[in-house]
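[1] Next comes the sequence, and after it the predicted model I'd like to discuss.
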Amino acid sequence: MLNVPLLKSTALLIILQTAFLCNWKTPIAIAAEEKEKSVLVQTEFVKRIAKTNIIELPGTVLPWATTSLGAEIEGRVDEIYVREGDKVRVGDPLIRMRTRPLELQRDFAIAEKNRVVAQLEELKAGSRIEVLAAGQALVEKAQARMQFARNELTRIEKLYKNGVVSVNEFDNAKTLAEESTAEFNERFSQWEELKAGPRIEQIQREEANLQASIAKIKIIEDQIERGSLRSPFNAVVVRKDSEVGQWLEAGDPGLTLAVVDPVRIEINVPQHLFNQIGKGSTGNIHLDTRSVDSSGMKFKGQVVEKISVGNATSRTFPVRLRVDNPKGALAAGMLVQVELESSKPSQQNLFVPKDALVRSPSEIILWVIRSLEDNSLTAEKIRVTPGEAQGNMIAVQIEKGASLKEGDQVVVHGNERMRPDTKVVLTQPAP
């Protein structure tokens, strides 16, 4: 008869021995199993990069200059050559005023000048031979009359003394002699004046009249020229302030022009940044074009104005940059982003590859490789706050009490499978 308890004990012993043999492993097998539990990772080094302090502020595009082009003379607008939005070059005609009355005044002044010129030439030429001969003849005639009157007076005077003629006849003879003598003196003086020619004062007076006539013509021609309004610089027509047929007084606005090459970019700088921006420093200007295949347009500018009187409410101060705008891409009123390099000394920050960051809703971490006493490797979790990015690197600030330095290795591939105290094995990235 079989011993049932003995059989049960024997079977149990066999089962236990089999289980022990199945679970027992050699040290080599244990090491291999431990290696299989390690996580394969790729790493890159932590770098310390100098960070340039950049001031980023929104800015507004302003015209370099704006002017209201006014009428220089009063009159009616005859023609306007431009429209709003047109680009004009320096010297281009913009508005023509009615100048017909001025042209008539100019023609009259030219005729008057020609008369003065003729008079002056006559004076400078002196008396003609014919005029001198006629004058000499008049003198001789007056001399003959004078001699006749004197002879007659001598004869009448003898007869008067002898009582032959009356007192009245004697007085008449005497008066006639005096008149003929006066006439002779007058004719002789005129003849002498003709021989001497015109007086220098007469020539100087006519020369002055000639200069006055020339000056008057120049004034009228200048008024006619100012009747055409021309562009004082390369600009854009912003607004028409007059219409054809409108009467303008001197000084009334005709057109408004704006210079848009170059342009000014105005930014309002907070007071804590105002002294970090130097006059003459350069900056980058970004214009958002909302283009799918482009991040926007970029320009270079230079600080040309720092206004030390700011807004007392916002505590901001205007700073203006000069930006060349040859293609007209920047229009007055546009919003741009301005980047200026601060004069504040640059700082060196720790940068890690962007792939080293593991993000979750509650935290952002990275895994740093550490060596253990048995020369094996593990990874330490460090909470970080990301900062400025430069290419594929990003600045980080570590949590208080953690350690991270330049040259440390951080996990960039395989970090999503990492757990605290997990051992790691470094691998080289595929070529």
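    Yes, it's here.

[2] going forward, measure contacts and count neighbours with C-alpha atoms only.
    Fine.

[3] Check the offset of stretch 109-128 from the chain's centre.
    54 Å (CA atoms, centre = their mean, to the nearest Å).

[4] Quick check: mean pLDDT of it?
    For stretch 109-128, mean pLDDT rounds to 84.

[5] So which residues make contact with it?
    The contact list for stretch 109-128 (CA atoms under 8 Å, 6 or more residues apart in numbering) reads 194-195, 197-198, 202-203, 206-207, 209-210, 213-214, 216-217.

[6] Give the PyMOL command for selecting the buried subset of those.
    To isolate the buried members of the contacts of stretch 109-128 in PyMOL, using 16 or more other CA atoms under 10 Å:
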select buried, resi 194+195+198+203+206+207+209+210+213+214+216+217
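
[7] Reformat the contacts of stretch 109-128 as a markdown table; add pLDDT.
    A markdown table is the format used below for these (pLDDT from 0 to 100):
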| residue | pLDDT |
| --- | --- |
| 194 | 71 |
| 195 | 71 |
| 197 | 66 |
| 198 | 70 |
| 202 | 81 |
| 203 | 80 |
| 206 | 87 |
| 207 | 89 |
| 209 | 92 |
| 210 | 92 |
| 213 | 93 |
| 214 | 94 |
| 216 | 94 |
| 217 | 95 |
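
[8] Show the residue spans covered by the helices in the stretch 201-350 of the chain.
    Ranges of helices in the stretch 201-350 of the chain, per DSSP state H, counting those that start in this stretch, are 271-274.

[9] Residue ranges in it under the pLDDT threshold?
    291-295, 345-346 (pLDDT under 70).

[10] Strands along that one, start to end?
    228-230, 235-240, 247-248, 253-270, 282-287, 297-306, 316-323, 335-341, 347-353 (DSSP state E, counting those that start in this stretch).

[11] For those, please prepare a markdown table with the additional fields mean neighbour count and distance to residue 366.
    Conversion of those to a markdown table gives the following (neighbours: other CA atoms under 10 Å; distance: least, CA to CA, whole Å):
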| stretch | mean neighbour count | distance to residue 366 |
| --- | --- | --- |
| strand 228-230 | 21 | 68 |
| strand 235-240 | 20 | 57 |
| strand 247-248 | 18 | 76 |
| strand 253-270 | 23 | 36 |
| strand 282-287 | 19 | 33 |
| strand 297-306 | 18 | 35 |
| strand 316-323 | 22 | 40 |
| strand 335-341 | 20 | 31 |
| strand 347-353 | 19 | 9 |
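
[12] center of this protein - which residue?
    Geometric centre of the chain, nearest residue: residue 64, 3.2 Å, by CA atoms, centre = their mean.

[13] Now do the buried residues in whatever helix or strand it lives in.
    Using DSSP states H and E, residue 64 falls within strand 54-70. Buried residues in strand 54-70, counted by 16+ other CA under 10 Å: 55-64, 66, 68-70.

[14] Sheet-wise, list the partners of that strand with their directions.
    Partners of strand 54-70 in the sheet, by DSSP bridges, are strand 253-270 (antiparallel), strand 335-341 (antiparallel).

[15] Got the domain ranges for this protein?
    The chain breaks down into these domains under automatic domain parsing: 39-49+347-426, 68-98+226-255, 106-220, 259-341.

[16] gap between the two ends of the first one?
    To tie it back to what came earlier, the one meant is domain 39-49+347-426. With CA to CA, to the nearest Å as the measure, domain 39-49+347-426 spans 9 Å from end to end.

[17] The last one now?
    Domain 259-341 has an end-to-end distance of 28 Å (CA to CA).

[18] Once you drop chain neighbours, what's closest to residue 307?
    Spatial nearest neighbour of residue 307, chain neighbours left out: residue 318 (5.6 Å); criterion: CA to CA, 6 or more residues apart in numbering.

[19] partner residues bridging the one you found?
    With DSSP bridges as the rule, residue 318 is bridged to residue 268.

[20] check contacts around it.
    So residue 318 contacts 266-269, 306-308, 310 (CA under 8 Å, 6+ apart).

[21] ok, it to residue 339 distance?
    Distance from residue 318 to residue 339, by CA to CA: 15 Å.

[22] same thing with residue 121?
    Counting by CA to CA, the gap from residue 121 to residue 339 is 75 Å.

[23] Next: residue 262.
    Residue 262 is 19 Å from residue 339, by CA to CA.

[24] residues of the top helix by length along the chain that come out buried?
    Longest helix in the chain, counting residues (DSSP state H): helix 129-161. Neighbour-count burial for helix 129-161, counted by 16+ other CA under 10 Å, picks out 132, 135-136, 138-139, 142-143, 145-147, 149-150, 152-154, 156-157, 160.

[25] ok so, going back, turn the strands of the stretch 201-350 of the chain into CSV, including distance to residue 419.
    Below are those laid out as CSV (distance: least, CA to CA, whole Å):
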stretch, distance to residue 419
strand 228-230, 78
strand 235-240, 66
strand 247-248, 85
strand 253-270, 46
strand 282-287, 44
strand 297-306, 45
strand 316-323, 50
strand 335-341, 42
strand 347-353, 20
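
[26] Quick one: closest of the ones you listed to residue 407.
    Nearest to residue 407 among the strands of the stretch 201-350 of the chain is strand 347-353; the distance by CA to CA comes to 10.0 Å.
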